[in-house]
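J.: Provided below for reference: sequence and predicted model.
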Amino acid sequence: MGQKLFEFVAELKAVDERTFRMVLKEPCGFVLAALGKPTANVPFIVPARIAATPADQAITDHLGSGPFRFVTAEFQPGVKAAYERNPDYVSRDEPSDGTGGGKVVKIGRYEWISVPDFQIATNALVNDEIDYFEVPPHDHHPILARAANVELTDYNMLGFSGMCRMNWLVPPFDRPEIRQAVLHAVNQKDWLDTQIGNPDYYKITPAIFVAGTPFESAVGWSTKADTAKARELLKQGGYKGEPITILHATDAPIITALGTVTAEALRSIGMNVNLLAMDWGSVVARRAKQSMPAEGGWSLYHSTWASADLVNPIGNACVNGKGKNGGFFGWVEDAELERLRDSFARAVAPPDQKALADKIQARAYEVVTHVPTGQYNQPAATRKALKDIVRAPVPLFWNVDKTG
């Protein structure tokens, strides 16, 4: 959203130590939504020297003004991150409201510990060795529900959404017919059944901008497979058996299931699939490469999002049509999508925004920017000693109390 917002910004100037002024070139309909975005990428305000850090360098000065402070000396990437109460922070005197409102710190310190083995994490929670398990697999829920000291807390009521993303830069997905073939080869319910299993926790929907939100729409896709049409589209697109390299994360169960289902669906219509197993960190590194799959690039990968990231056409990176010059991984390039997104950015009236969001979704399915794998809810599991968990799109620990 920041990228699009700054296309409208004429000037951003400091007024004093607590105030800045943003001047626009023309009216823009999503300024408040961009500045108030609660999920990645968040528009944090930082000192100028930190903001000047080159984009290809990691920030090493973790200075902030929030209720917690990051303990740099204890940080172990992929292992542990620790946070302590910020003694200089003064909370607003008002109720908490997601990422807004009052932020009263009742726990002096908390630690994020990476535990790759989910069974170990489940056992640790049941045995009171940890207090909070962020993403317990859905098939662990019955075990956790039976534990007298544990409860499931669905802190993110908007839930999460998955995507199947193709690389527009490499054959055969540089051809729209082949991308359409993938859209018609897959059945969203198969993804959700394999990924989540329990229908109480998932929703089948074609809504690119999330079901249950103002821009929900059903246009563009039935969510069901049509394998005969998919095979015909492969012929129309001139598919000659080119290998499809799927980056397959094996250490993130919520994503692992997606690759398995996609590979089976594409093989069923006659595609030559290479399911390349790797850890999620390697997927993140490799998806940034624009080279051919045989030279370290990729054809297709899967990921999941907090649904809050996807609720409008500006924040939803999947429908960005800027290609290699500012687009998201997969590098969708489509002038019509960008024209529609620009119109949405200028629209202020909700009916006008909704009409444009519908057109953007229709266009996204026409050119196949990606295929949504469905929405799901992912409750955290916590000890009952933790009280007042904040309802928000991300885990938050202000206002949380620990009674034992």
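T.: Good, I have the coordinates. Residues are numbered from 1 along each chain as shown.

J.: hey, let's count contacts and neighbours off CA atoms from now on
T.: Noted.

J.: run through the helices of the protein in chain order.
T.: Secondary structure of the chain (DSSP state H): helices at 2-5, 31-35, 48-51, 118-126, 141-146, 176-185, 188-195, 227-236, 253-268, 280-286, 335-346, 350-367.

J.: Ala265 reaches Val186, doesn't it?
T.: Yes - using Cα atoms under 8 Å, Ala265 makes contact with Val186 at a distance of 5.8 Å.

J.: the two: which has the busier surroundings?
T.: For Ala265 and Val186, the more surrounded residue by other Cα atoms under 10 Å is Val186, and the numbers stand at 26 against 21.

J.: give the contact list for that one.
T.: When contacts are counted by Cα atoms under 8 Å, 6 or more residues apart in numbering, Val186 touches 223-226, 262, 265-266.

J.: over to Pro95?
T.: So Pro95 contacts 101-102 (Cα under 8 Å, 6+ apart).

J.: distance of it from Gly101?
T.: 6 Å (Cα to Cα, to the nearest Å).

J.: ok, what's across the strand from the residue sitting nearest the centre point of the chain?
T.: Centroid-nearest residue in the chain, with Cα atoms, centre = their mean: Trp305, separated by 2.0 Å. Note on Trp305: beta-bridge partners by DSSP bridges are Ser161.

J.: so where's the stretch 1-150 of the chain uncertain?
T.: Nowhere does the stretch 1-150 of the chain drop to pLDDT under 70.

J.: now the strands: where do they sit in it?
T.: Assigned by DSSP state E, counting those that start in this stretch, the stretch 1-150 of the chain shows strands spanning 9-16, 19-24, 68-70, 80-85, 96-97, 100-101, 109-113, 132-133, 150-153.

J.: need the contact partners of stretch 8-16.
T.: Here stretch 8-16 makes contact (Cα under 8 Å, 6+ apart) with 20-28.

J.: then stretch 161-172?
T.: Stretch 161-172 is touched from outside by 173-175, 178-179, 210, 239, 242, 258, 290-293, 298-307, 329-333, 369-376, with contacts defined as Cα under 8 Å, 6+ apart.

J.: what about 6 Å?
T.: The contact list for stretch 161-172 (Cα atoms under 6 Å, 6 or more residues apart in numbering) reads 174, 299-305, 307, 330-332, 370-375.

J.: give me the buried subset of the residues you listed.
T.: Neighbour counting by 16 or more other Cα atoms under 10 Å classes 174, 299-305, 307, 330-332, 370-375 among these as buried.

J.: could I get the contacts of Val186 as a markdown table with pLDDT and distance to Tyr83?
T.: Shown next, in a markdown table, are the contacts of Val186 (pLDDT from 0 to 100; distance: Cα to Cα, whole Å):
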| residue | pLDDT | distance to Tyr83 |
| --- | --- | --- |
| Thr223 | 98 | 42 |
| Lys224 | 98 | 45 |
| Ala225 | 98 | 47 |
| Asp226 | 98 | 50 |
| Thr262 | 98 | 39 |
| Ala265 | 98 | 44 |
| Leu266 | 98 | 45 |
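
J.: could you give me the ChimeraX syntax to select whichever of those residues are buried?
T.: To isolate the buried members of the contacts of Val186 in ChimeraX, using 16+ other Cα under 10 Å:
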select :223,224,225,226,262,265,266
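
J.: turn the contacts of Val186 into JSON lines, including distance to Asn123.
T.: Putting these into JSON lines (distance: Cα to Cα, whole Å) gives the following:
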{"residue": "Thr223", "distance to Asn123": "37"}
{"residue": "Lys224", "distance to Asn123": "38"}
{"residue": "Ala225", "distance to Asn123": "39"}
{"residue": "Asp226", "distance to Asn123": "43"}
{"residue": "Thr262", "distance to Asn123": "32"}
{"residue": "Ala265", "distance to Asn123": "35"}
{"residue": "Leu266", "distance to Asn123": "38"}
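
J.: with respect to Val348, which of the contacts of Val186 is nearest?
T.: Thr223 (30.9 Å; Cα to Cα).

J.: is it correct that the closest one is in contact with Gln188?
T.: Yes - using Cα atoms under 6 Å, Thr223 is in contact with Gln188, at 5.4 Å.

J.: how far away is the spatially closest residue to Ala306 that is not a sequence neighbour from Trp331?
T.: Counting by Cα to Cα, 6 or more residues apart in numbering, Ala306 lies nearest to Phe160, which is 4.4 Å off, once chain neighbours are set aside. Distance, Phe160 to Trp331, using Cα to Cα: 23 Å.

J.: now Leu356
T.: 22 Å.

J.: also Ala252?
T.: Ala252 is 24 Å from Trp331, by Cα to Cα.

J.: and for Ala306?
T.: Counting by Cα to Cα - Ala306 and Trp331 are separated by 21 Å.

J.: next: Trp398.
T.: 38 Å.

J.: try Ser303
T.: For Ser303 relative to Trp331 (Cα to Cα), the value is 15 Å.

J.: and what of Val9?
T.: From Val9 to Trp331 the distance is 25 Å (Cα to Cα).

J.: ok, and the closest non-adjacent residue to Ile314?
T.: Using Cα to Cα, 6+ apart, the closest residue to Ile314 is Met1 (5.5 Å).

J.: next: Leu310.
T.: Leu310 sits nearest to Asn316 (Cα to Cα, 6+ apart), 4.3 Å away.

J.: number of nearby residues for the closest residue to Met271 other than its chain neighbours?
T.: Distance criterion Cα to Cα, 6+ apart; nearest residue to Met271, sequence neighbours excluded, is Gly241 at 6.2 Å. When neighbours are counted by other Cα under 10 Å, Gly241 registers 12.

J.: mind checking how far Val104 is from His62?
T.: According to Cα to Cα, Val104 and His62 sit 21 Å apart.

J.: who's more crowded, these two?
T.: Val104 (21 against 11).
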